[in-house]
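# For reference, the sequence and a predicted model appear below.
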Amino acid sequence: MLVRLLYASRAQQPITGELLESLMTTARKNNASHGITGVLCHTDRVFMQLLEGGRDDVSSLYHRIAADSRHSQVTLLQYVETTERHFFNWSMGQVNLERVNPSLLLKYAPRAELDPFSMSGSSAMKLLDELIATAAVVGRCS
């Protein structure tokens with residue numbers, strides 16, 4: 001059974017380029033071996049990540065993330081069973097939302113900034129869909 005899980009968290013430290021590169025390299029390697037796909041959106045302190053895959057693998061990864069001391073305020077935004085993946089050929093795509101047009105964020109959120117804690121899960125998914133449609137996702141390869 002496939003599931004889609006969307007969560008948000010706050011980084012305990014600013015997200016540097018070096019930290020992000022290390023995180024993405026590890027995620028892509030580990031996710032591929034567990035059949036997990038998805039996309040990570042971030043600013044300097046906020047993560048919003050969508051994970052797709054088998055229920056046990058996705059749930060296990062989410063629990064590891066929630067227990068990771070580098071994250072705080074880990075908040076589940078959406079968890080659904082699905083018949084197909086949105087990101088079937090990406091072990092982990094990446095979006096730096098500080099480079100996205102603020103009006104796109106304003107379309108789905110109370111302010112023109114990434115604040116998934118104030119968004120509904122369906123609004124966050126619509127934002128991700130639009131980011132994909134506008135080619136804002138980088139690092140798509142598996």
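Nice, I can see it.
# Spatially central, which residue of the protein would that be?
With distances taken as CA atoms, centre = their mean, Gln49 lies nearest the centre of the chain, 1.5 Å away.
# beta partners of that residue?
With DSSP bridges as the criterion, Gln49 is bridged to Tyr7, Leu40.
# Give me the local confidence score for it.
You'll see Gln49 listed with a pLDDT of 91.
# Check whether it really touches Asn31, as I assumed.
No - between Gln49 and Asn31 there is no contact under CB atoms under 8 Å: 10.8 Å. Every residue, glycine included, has its C-beta placed from N, CA and C.
# Quick check: neighbours shared by the two?
Gly38 (CB atoms under 8 Å, 6 or more residues apart in numbering).
# So for the longest strand seen in the chain, what gets flagged as buried?
The single longest strand within the chain, with elements called by DSSP state E, is strand 71-82. Across strand 71-82, burial judged by 16 or more other CB atoms under 10 Å covers 71, 74, 77, 79.
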